[in-house]
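>>> model this:
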Amino acid sequence: YYVAIETGINLRGAIQTKIYNKIMRLSTSNMSMGEMTSGQICNLVAIDTNQLMWFFFLCPNLWAMPVQIIVGIVLLYYLLGISALIGAVVIIVLAPVQYFVATKLSQAQRSTLEYSNERLKKTNEMLRGIKLLKLYAWEHIFHTSVEETRQKEMTSLKSFALYTSISSK
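Modelled structure (predicted):
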């Protein structure tokens with residue numbers, strides 16, 4: 001486990017360094033042409049690299065968990081008898097429910113990220129053109145647009161929190 005954790009942390013640091021170096025070399029014309037937004041770059045660095053790190057953290061569980069489950073059930077059977085098998089059956093029966101909750105959790109996280117990207121993009125556009133907004137008195141229109149996106153993001157975050165609480169112990 002230690003090697004997997006160390007590899008995950010080192011890989012996350014290396015990828016973050018590469019991304020930050022690339023950001024420093026990006027021209028402003030690439031940013032203005034809509035190829036990349038700063039919100040997408042921030043989410044890439046903050047979230048995607050952490051997901052990669054967690055993959056390395058949890059990778060040893062692919063082989064260790066089945067072995068631990070089998071050994072645990074056998075030991076519980078010797079200790080408790082048939083009661084242990086009933087508990088194992090309950091766990092197996094509830095596995096589809098856990099899969100459903102995990103799928104919903106993933107969907108909620110994905111929609112939260114999309115709304116977050118959209119909100120950051122609108123906010124950046126608003127800040128870049130703040131003089132025009134004030135000149136034409138468009139502050140309320142843009143504020144409403146950003147606020148609507150924020151409300152969608154908050155709804156998605158609430159859904160994410162609900163499914164997280166259901167799936168946790």
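
>>> isn't L132 right up against W138?
Yes. At 7.5 Å, L132 counts as touching W138 under the criterion of C-beta atoms under 8 Å. For the C-beta atoms, the positions are set from N, CA and C on the backbone; glycine is no exception.

>>> now do the top helix by length along the chain, average pLDDT.
Longest helix in the chain by number of residues (criterion: DSSP state H): helix 82-128. Mean pLDDT, helix 82-128: 88.

>>> which strands and helices sit next to that helix?
helix 38-43, helix 61-80, helix 139-167 (3 or more C-beta pairs under 8 Å, 6 or more residues apart in numbering; DSSP states H and E).

>>> ok so, going back, the more surrounded of L132 and W138?
Each of L132 and W138 has its neighbours counted (other C-beta atoms under 10 Å); W138 has more, 14 against 10.

>>> okay, buried residues for stretch 158-169 please.
Buried residues in stretch 158-169, defined by neighbour count with 16 or more other C-beta atoms under 10 Å: S159, F160, Y163.

>>> what sits closest to the last one if chain neighbours are left out?
In this structure, Y163 finds its nearest non-sequential neighbour in L105, 4.0 Å apart by C-beta to C-beta, 6 or more residues apart in numbering.

>>> so what's the one you found up against?
Contact analysis of L105 by C-beta atoms under 8 Å, 6 or more residues apart in numbering lists F160, Y163, T164, S167.

>>> possible to save those residues as JSON lines with pLDDT and distance to Q109?
Formatted as JSON lines, those follow (pLDDT from 0 to 100; distance: C-beta to C-beta, whole Å):
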{"residue": "F160", "pLDDT": "88", "distance to Q109": "6"}
{"residue": "Y163", "pLDDT": "87", "distance to Q109": "9"}
{"residue": "T164", "pLDDT": "86", "distance to Q109": "9"}
{"residue": "S167", "pLDDT": "80", "distance to Q109": "12"}
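
>>> can you redo the residues you listed as JSON lines with distance to N21?
Shown next, in JSON lines, are the contacts of L105 (distance: C-beta to C-beta, whole Å):
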{"residue": "F160", "distance to N21": "32"}
{"residue": "Y163", "distance to N21": "36"}
{"residue": "T164", "distance to N21": "34"}
{"residue": "S167", "distance to N21": "37"}
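
>>> can you tell me which of those is closest to V74?
Nearest to V74 out of the contacts of L105 is S167 (C-beta to C-beta; 27.2 Å).

>>> and the gap between that closest one and I92?
S167 is 17 Å from I92, where distance means C-beta to C-beta, to the nearest Å.
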